[in-house]
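> Sequence first, predicted model second:
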Amino acid sequence: MADRLSISFRLLSPAGLALLLSSALSVQAADLARVTSPDGALAVIVQSQHEGRLSYRVERNGDPVIAPSRLGMLLGDGRLERNIALTAQSQRSVDETWEQPWGERRLTRNHYNELRTRFSEKPGAGRDYARQFEVVFRVHNDGVGFRYEFPQQAAMEQVTVQAELTEFALAHPATAWWIPAFEWNREEYLYHQTPLKEVGTAQTPLTLRSDNGLHISLHEAALVDYAGMNLARGDGDVLHAALTPSGNGAPVQRSLPFHTPWRTITIGETAAELAESSLILNLNEPNALGDVSWFTPAKYVGVWWSLHLETETWGTGPRHGATTANTRRYIDFAAANGFRGVLVEGWNTGWDGDWFANGQAFDFTRATADFDLPALARYGAARGVHLIGHHETACAVSHYERQLPAALELYARNGVDVIKTGYVCDAGDIQRQDRAGGPILREWHEGQWMSNHHLRVVRQAAEKHIAINAHEPIKDTGLRRTYPNWVSREGARGMEFNAWGNPPNPPGHEATLVFTRMLAGPMDYTPGIVSLKGRNGLPLRSTLAKQLALYVVLYSPIQMVADLPEHYAQHPDAFQFIKDVAVDWEQSHVLNGEIGQYVTFARKVRGGEEWFLGSVGSEQPQTLDVPLSFLDPGRRYRAQIYRDGDGAHWETAPFAFATETREVRSGDPLRIALAAGGGMAVRFVPLD
């Protein structure tokens, strides 16, 4: 009999074996509750398994997506996993449309069915009380979010979360795009493309394409007062939640009542559907700030790329970049070309010497002797240009917080309404000092303490009508919906790696970011390096046309025109598109895409009638045909096309570049020919 069973199992495909094992588990499990998406395609089923253990599974059109996966927690007073009984359940439906003050689209539909399940644990393990908690599921047409909620209850005033027992058991073998967690360089790694079985411990979002073609992204939404979640692979294709550690005990310490962030599963037939999803935003709370019209989406220039080229320095001296004269030059350049902002890094004291290891030296209220902040603010204001502030902490975070009120007041007084913050240090080396002169604890960038720090900065900045663009940040989990002054962040390998060259970003990097990091939210990638050169002449793995397309493909409400002014003067045709392209959108559509290979976006200007298209590729030349069905029917448009020229190639002919103009209508075909490392950018101007 055993031999016959072995033969039968060997004859099954991996998917068939997964289905058989899932069915076998279901024999021992009892379904407790079920909820479906509004369109009926997705279903979440909550189960009770052996010894009263909780699990959930996700199906799509009756086929398993997430096989039975464990729910539970390891708390300071013991495991919350066994002998758990369902005591109540309820459902509700929500269908609303809300407006983003800025974003990839103005209107977002939030349509879901919610299941709220309440559980009670039998007393035991030395406790004379029964712990109670809830698990809430929201099922949208594009995915699932669920979280744990702990109501106020006797004998449980505070909770320490040692670990989450949450699992994501993929029902089918899959390919994964992922970066490692708990490594020194935070999120700044190239993405691995491996079978799921080769994933170690990964950061989220983690993107998967199952063998049946389904695309899945695992992430979290509304990370507030909690440790960031990573994913550690266990047996087979099971991923376990792995919370970021704390420097002061358990990863999470909370008072009741509280809830965890949402654990999210975005699901799409195609990679493009993942990039179109609004699941992460919809799982966040509405705008808590009220009117934020004081923030203006815009492009900016600045003293930045020269620092990475090492032609100028952050520290004072003969090559200091942040001087009054140099900043005036950038203000003049911004004003002449319609750019609103000028970023200046290295303006304050503390950059001299080894600042990386000495963030305690930074003073965020005192400029260097050769930088006149009030005078430059006045000079810019007279020309319609605002300074963008810079607060690099070098991870001396408590030192920064003590200066924050005065630093924000200084900027507000001088009309600085956006700040780029920075947290440059090795992961796990954040300096936390709960009282001046007290011991220094070491925290991770995505731990609970840093989750709270970032919100302290964002909230205090909002009081002064200042927006925040965080670099070396905590991951994006959609909190820009609740705090719309948290406008962008880094959190991946950006353009500066092309200056350093260790190695430069590969040609398919941006087409990977769209379907991985960018699923979390906007990124300050700092595009537009038209010189196509990094430090010491190191070539970028990009054509000129691709640098233009990035302004449409990689979304941020603040986009840097990152190259040096003199380089734009050498490429006036390409620079014209950078001057024309918008940064705030009425609509956004992903026209096509494959992870790491290519992607094409079309976006309509908010408050206007123009459309823009951007398409980027990878190492291999590609030809894509797209219909212009996104254009308004019945209208004629002038298509201003910026494309790779004949023979273009990132390595051998990166400056092969062509422009052309034609008249088009909705539904007309557009052929996009992408060179190796190439791109295409188009501006559609209505003629009617």
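Here it is on my side, so go on. Numbers count the residues shown, from 1 in each chain.
> Quick check: end-to-end length of stretch 559-567?
18 Å (Cα to Cα, to the nearest Å).
> List the buried residues for it?
By neighbour count on 16 or more other Cβ atoms under 10 Å, the buried set for stretch 559-567 is Gln559, Met560, Val561, Ala562, Asp563, Leu564, Pro565, His567. For the C-beta atoms, the positions are set from N, CA and C on the backbone; glycine is no exception.
> Touching it from outside, list them.
Outside stretch 559-567, the residues within contact range by Cβ atoms under 8 Å, 6 or more residues apart in numbering are 299-302, 304-306, 329-330, 333, 337, 339, 343, 495, 524, 526-531, 551, 568, 578, 581, 583.
> Quick check: which ranges of this protein have low pLDDT?
Counting by pLDDT under 70, the chain contains low-confidence residues at 1-28, 125-126.
> dump the residue contacts of the residue nearest the centre of it.
The centroid of the chain falls nearest to Ala520 when counting by Cα atoms, centre = their mean (3.2 Å). Each residue near Ala520 by Cβ under 8 Å, 6+ apart is listed here: Thr204, Pro205, His219, Ile280, Lys475, Asp476, Thr477, Gly478, Gly491.
> And the strands in the stretch 301-450 of the chain?
Using DSSP state E, counting those that start in this stretch, the strands found in the stretch 301-450 of the chain span residues 341-344, 386-392, 418-422, 430-432, 441-443.
> how big is the angle separating the third one from strand 386-392?
Following axes from the mean of the first three to the mean of the last three Cα atoms, to 10 degrees, one obtains 20 degrees for the angle between strand 418-422 and strand 386-392.
> domain parsing for this structure?
The record's domain split for the chain, according to the TED database, is 30-283, 298-582.
> Any chance of JSON lines for the ones you listed, columns distance to Arg606?
Formatted as JSON lines, those follow (distance: least, Cβ to Cβ, whole Å):
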{"stretch": "domain 30-283", "distance to Arg606": "6"}
{"stretch": "domain 298-582", "distance to Arg606": "7"}
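> Quickly compare those and say which is most buried.
Greatest average neighbour count among these goes to domain 298-582 (a mean of 20), per mean count of other Cβ atoms under 10 Å.
> just to revisit the earlier point, quick check: which of the domains of the chain is nearest to Asn592?
domain 30-283 (6.3 Å; Cβ to Cβ).
> Compute the first-to-last residue distance for the closest one.
Using Cα to Cα, one end of domain 30-283 lies 29 Å from the other.
> Sitting in helices, which of the contacts of Ala520 do you find?
Mapping those onto helices (DSSP state H) picks out Ile280.
> Which one of the contacts of Ala520 is nearest to Asp39?
Ile280 (19.2 Å).
> Could you measure from the closest residue to Gly415 other than its chain neighbours over to Val301?
In space, and not counting its chain neighbours, Gly415 is closest to Ala377: 5.3 Å by Cβ to Cβ, 6 or more residues apart in numbering. According to Cβ to Cβ, to the nearest Å, Ala377 stands 16 Å off from Val301.
> Settle this for me: Ser302 is touching Tyr330, isn't it.
Just so we're on the same page, residue 302 is Gly rather than Ser. Yes: with contacts counted by Cβ atoms under 8 Å, Gly302 reaches Tyr330, the gap being 6.1 Å.
> shared neighbours of these two, which are they?
By Cβ under 8 Å, 6+ apart, the residues touching both Gly302 and Tyr330 are Val342, Val344.
> Compute the first-to-last residue distance for stretch 556-563.
From its first residue to its last, stretch 556-563 covers 17 Å (Cα to Cα).
> Kindly report the same for stretch 41-56.
17 Å.
> quick one: it to chain centroid distance?
Averaging C-alpha positions (Cα atoms, centre = their mean, to the nearest Å) puts stretch 41-56 30 Å from its chain's average.
> same check, this time on stretch 265-272
Relative to its parent chain, stretch 265-272 has a centroid offset of 16 Å by Cα atoms, centre = their mean.
> Are we agreed that His453 is in a helix?
Yes: counting by DSSP: H, G, I helix; E, B strand; the rest coil, His453 is found in a helix.
> which residues touch the nearest residue to it once chain neighbours are set aside?
Leaving aside its chain neighbours, His453 sits nearest to Val397 (5.8 Å; criterion: Cβ to Cβ, 6+ apart). Taking Cβ under 8 Å, 6+ apart, we find Val397 in contact with Tyr423, Ile430, Gln431, Arg432, Glu443, Met450, His453.
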